[in-house]
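1. Requesting a structural model of the entry that follows:
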Amino acid sequence: NKISIECPLGKALYKRNLGEKAEVTSPDGSYSVVIEKLEMIK
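-> Below is the predicted model of the structure:
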């Protein structure tokens, strides 16, 4: 799946690295995520 950098999750993850924690703020509330895997898409 692709994540747009314009959505709340994409904005929180932008320019983050593997293993980093990010705080996501969305209309439904806030939550934390940890980047466990990165894949290059074509």
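2. all strands of the chain, in order?
-> For the chain, applying DSSP state E gives strands covering 21-26, 29-34.
3. I'd assumed E36 was in contact with N17.
-> No - with contact defined as Cβ atoms under 8 Å, N17 does not reach E36; the gap is 11.6 Å. All C-beta atoms are positioned from the backbone trio N, CA, C, and that covers glycine.
4. center of this protein - which residue?
-> Among the residues of the chain, L13 comes closest to the average C-alpha position under Cα atoms, centre = their mean, at 3.2 Å.
5. pLDDT score for the residue nearest to that residue when sequence neighbours are not counted?
-> Among residues not flanking L13 along the chain, A22 sits closest, at 5.6 Å (Cβ to Cβ, 6 or more residues apart in numbering). Per-residue confidence at A22 stands at 97 (pLDDT).
6. contacting residues for A22?
-> By Cβ atoms under 8 Å, 6 or more residues apart in numbering, A22 lies in contact with A12, L13, R16, S32, V33, V34, I35.
7. tell me which of those residues is nearest to K42?
-> L13 (19.3 Å; Cβ to Cβ).
8. who's in contact with E36?
-> Each residue near E36 by Cβ under 8 Å, 6+ apart is listed here: L18, G19.
9. Look up how far G10 lies from it.
-> Counting by Cβ to Cβ, to the nearest Å, the separation of E36 from G10 is 16 Å.
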